[in-house]
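Participant: sequence? don't have it. structure:
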């Protein structure tokens, strides 16, 4: 099961930091996201793209997980040479995580 099958994401970026907040479509799937969508898993998923720390903040009042990714673009988005280097692209990339690989 890919993350996008049970959740959606919103993203933003400032400088070299990208914020991605993940929300389940159904509130009852929030505990599963808390269990499986760890800092370690997100950092491994973005290895080579995120060069700094990854932090996760739980926002249970809205069933959200907010990930703050440091070092996503050297010099920030406006200085990046990559095509579409914005947080929106990274949020879609996060939604491609295969949650079944973590249950084992």
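Facilitator: Received it, and whenever you're ready, just let me know what you need. The model shown is predicted, which means the values in this text are computed figures rather than measured ones.

Participant: could you show me where the strands are in this structure, in order?
Facilitator: 7-14, 17-24, 54-59, 64-70 (DSSP state E).

Participant: Name the strands paired with the shortest one and say parallel or antiparallel.
Facilitator: Sheet neighbours of strand 54-59, with direction, are listed as strand 64-70 (antiparallel) (DSSP bridges).

Participant: Other residues contacting the strand it pairs with?
Facilitator: 16-23, 33-34, 37, 39, 42, 46, 50-59, 90, 94 (CB atoms under 8 Å, 6 or more residues apart in numbering). (Glycine included, C-beta is placed from N, CA and C.)

Participant: Check stretch 24-33 too.
Facilitator: 6, 7, 8, 22, 60, 63, 65, 99.

Participant: mind redoing it with 7 Å?
Facilitator: The contact list for stretch 24-33, computed with CB atoms under 7 Å, 6 or more residues apart in numbering, reads 6, 7, 8, 22, 63, 65.

Participant: If you drop the residues flanking it in sequence, what lies closest to the last one?
Facilitator: Using CB to CB, 6 or more residues apart in numbering and skipping residues adjacent in sequence, the residue nearest residue 65 is residue 22, 4.8 Å away.

Participant: hmm, back to that, please, a PyMOL command that selects the buried ones among the contacts of stretch 24-33?
Facilitator: Of these, the buried ones go into a single PyMOL selection, burial set by 16 or more other CB atoms under 10 Å:
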select buried, resi 6+7+22+63+65
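
Participant: Quote the end-to-end distance of stretch 49-59.
Facilitator: Start to finish, the residues bounding stretch 49-59 are 25 Å apart (CA to CA, to the nearest Å).

Participant: picking that back up, kindly reformat the contacts of stretch 24-33 as a markdown table containing pLDDT.
Facilitator: Shown next, in a markdown table, are these (pLDDT from 0 to 100):
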| residue | pLDDT |
| --- | --- |
| 6 | 97 |
| 7 | 98 |
| 8 | 97 |
| 22 | 98 |
| 63 | 98 |
| 65 | 98 |
